[in-house]
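**Student:** Sequence and predicted model, in that order:
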Amino acid sequence: MDKAVALQLVQRCLPLFESKGLASVGEIEGVRPRNLLGLWTGMGSVDEIEVTGKNATETIVVKSIGSYKKLDDELALVDHMSYYNEASFYESDLADRICHSGAGCPRPLLVDRSKDGEVTICMTKLPGRGFSRSPAQTKAALSWLARLHACFWGKRADAAMAGSGLSGQACFWHLDTRQIELKSMPQDALRWAAKGIDARLKADKMQTLCHGDPKGANIMWDEEAGVSFYDFQWFGKAPPTKDLAYFFGVAAAGLSSEESERELLRFYHGELSKLLEAQEDAVPDFEYLWNSYHLALCDLGRWMKGGFSFGNTRLIFGHVQALLKSLDGLKEKSEEVYQDKIFELYPP
């Protein structure tokens, strides 16, 4: 990003600095842009701009998204469209509401969409350094997720989604948009169970708004501010266990047994319960939460089977194998039969 573009963006963002928690820099004396990384699809970048003014110096983050019209790869297009979902997130008041709930995230300064499909998102920069997967930071991240989930629990999720333009479903692996990976799977029990797992998660009585991609690379840690999260590309509605499954599967520390899984999930359940009780919502039973988490991990494993595997695959595919063992013996190999059995084993 050249300095002229950076200066133009800063000038447009400046009126919101104070209301979004930034210092009033006064008259701009200079800007210094710095590239941080390229986007996953190769169609854009993330930069930061240091703004020096007469009164103070601040830094903002800019995500520049290339037009989807330039992509002809179907799989890349699925991922690239998530950036438009993130633009819708920052065009709403959701980021401010999340921050007000005590869960730190970037606050929007500008969202600019061109007629050609290019998007620029300017946001506040989060404090701290990268997530280290320590036990303390793992629990802090779970507390953050509990605050997010409680904020939009139940009917609040539907109210927040109404007219927002956000995706109806959270998380990058949800079945409706991952038909390419589904077709790549072998004709086995997990393939036959895929539709039933997805349907059961959609029917889960725990529904909220989820971050959708709570991996270590999207989490910041600061000694004073604690944990905060970037990247709301896959934000949307889902049971909270889809966030938990991905976080446990790729980011959490110390998961070597079902006992350690349950211990960490109980910590989240305790954090969530306090928040739900304070807002007079019914608290879900722990075993119901565990079963939903188990299915969400199987849902993630389904995508990995047709896509590619990473993270704690022992944990993820251990849950897959446990589910398939409970489905073993079904005489008819069909999606309908498998779905009926999943709903019988895990009633919503």
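**Tutor:** It's in.
**Student:** Helix or strand for Tyr338, just tell me which one.
**Tutor:** helix 335-345 (DSSP states H and E).
**Student:** What lies in contact with that helix?
**Tutor:** Helix 335-345 is contacted by residues 189, 192-197, 199-200, 203, 295, 326-327, 330 when judged by Cβ atoms under 8 Å, 6 or more residues apart in numbering. Just so you know, the C-beta spots here come from the backbone N, C-alpha and C atoms, and that holds for glycine as well.
**Student:** let's go with 6 Å and repeat that
**Tutor:** Here helix 335-345 makes contact (Cβ atoms under 6 Å, 6 or more residues apart in numbering) with Trp192, Ala193, Lys195, Gly196, Ala199, Arg200, Ser326, Leu327, Leu330.
**Student:** JSON lines please, covering those and showing neighbour count and distance to Met43.
**Tutor:** Converted to JSON lines, those look like this (neighbours: other Cβ atoms under 10 Å; distance: Cβ to Cβ, whole Å):
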{"residue": "Trp192", "neighbour count": "21", "distance to Met43": "36"}
{"residue": "Ala193", "neighbour count": "26", "distance to Met43": "34"}
{"residue": "Lys195", "neighbour count": "18", "distance to Met43": "32"}
{"residue": "Gly196", "neighbour count": "23", "distance to Met43": "35"}
{"residue": "Ala199", "neighbour count": "15", "distance to Met43": "33"}
{"residue": "Arg200", "neighbour count": "24", "distance to Met43": "35"}
{"residue": "Ser326", "neighbour count": "12", "distance to Met43": "42"}
{"residue": "Leu327", "neighbour count": "17", "distance to Met43": "40"}
{"residue": "Leu330", "neighbour count": "14", "distance to Met43": "44"}
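**Student:** any idea how the protein splits into domains?
**Tutor:** 1-125, 127-348 (automatic domain parsing).
**Student:** and the ones you listed as a markdown table, adding mean pLDDT?
**Tutor:** A markdown table is the format used below for the domains of the chain (pLDDT from 0 to 100):
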| stretch | mean pLDDT |
| --- | --- |
| domain 1-125 | 95 |
| domain 127-348 | 96 |
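**Student:** among those domains, which is the most enclosed?
**Tutor:** Burial of those is given as mean neighbour count (mean count of other Cβ atoms under 10 Å); domain 127-348 ranks first at a mean of 18.
**Student:** Would you check the distance separating that one from the middle of the chain?
**Tutor:** Domain 127-348 has its C-alpha centroid displaced from the chain centroid by 10 Å (Cα atoms, centre = their mean, to the nearest Å).
**Student:** Between the two ends of that domain, how far is it?
**Tutor:** 40 Å (Cα to Cα, to the nearest Å).
**Student:** Could you do stretch 10-28 as well?
**Tutor:** Stretch 10-28 end-to-end distance (Cα to Cα) = 9 Å.
**Student:** so how far is it from its chain's centroid?
**Tutor:** With Cα atoms, centre = their mean, you get 28 Å for stretch 10-28.
**Student:** could you pull out the helices for the chain?
**Tutor:** Per DSSP state H, the chain carries helices over the ranges 3-13, 74-80, 82-91, 94-100, 135-151, 155-161, 179-184, 189-202, 240-250, 258-278, 286-306, 313-327, 335-345.
**Student:** among the ones you listed, which is nearest Ser19?
**Tutor:** helix 94-100 (9.3 Å; Cβ to Cβ).
**Student:** Next up, the contacts around the residue most central in space within the chain.
**Tutor:** Central residue of the chain (Cα atoms, centre = their mean): Gly212, 2.3 Å from the mean position. Gly212 is in contact with Ala170, Cys171, Trp234, Phe235, counting by Cβ under 6 Å, 6+ apart.
**Student:** what residues are up against the third one?
**Tutor:** In this case it means Trp234. Ser82, Ala170, Cys171, Phe172, Gly212, Asp213.
**Student:** How about the second one?
**Tutor:** By Cβ under 6 Å, 6+ apart, the contact set of Cys171 is Gly212, Trp234, Ala238, Lys242.
**Student:** for these, which one is nearest Leu276?
**Tutor:** For these, the closest approach to Leu276 (Cβ to Cβ) belongs to Ala238, at 17.1 Å.
**Student:** Show me the beta-bridge partners of that closest one.
**Tutor:** With DSSP bridges applied, Ala238 shows beta-bridge pairing to Thr208.
**Student:** doesn't Ala170 make contact with it?
**Tutor:** Yes. If you go by Cβ atoms under 6 Å, Ala238 and Ala170 touch, sitting 4.0 Å apart.
**Student:** Right, I'll call it a day here.
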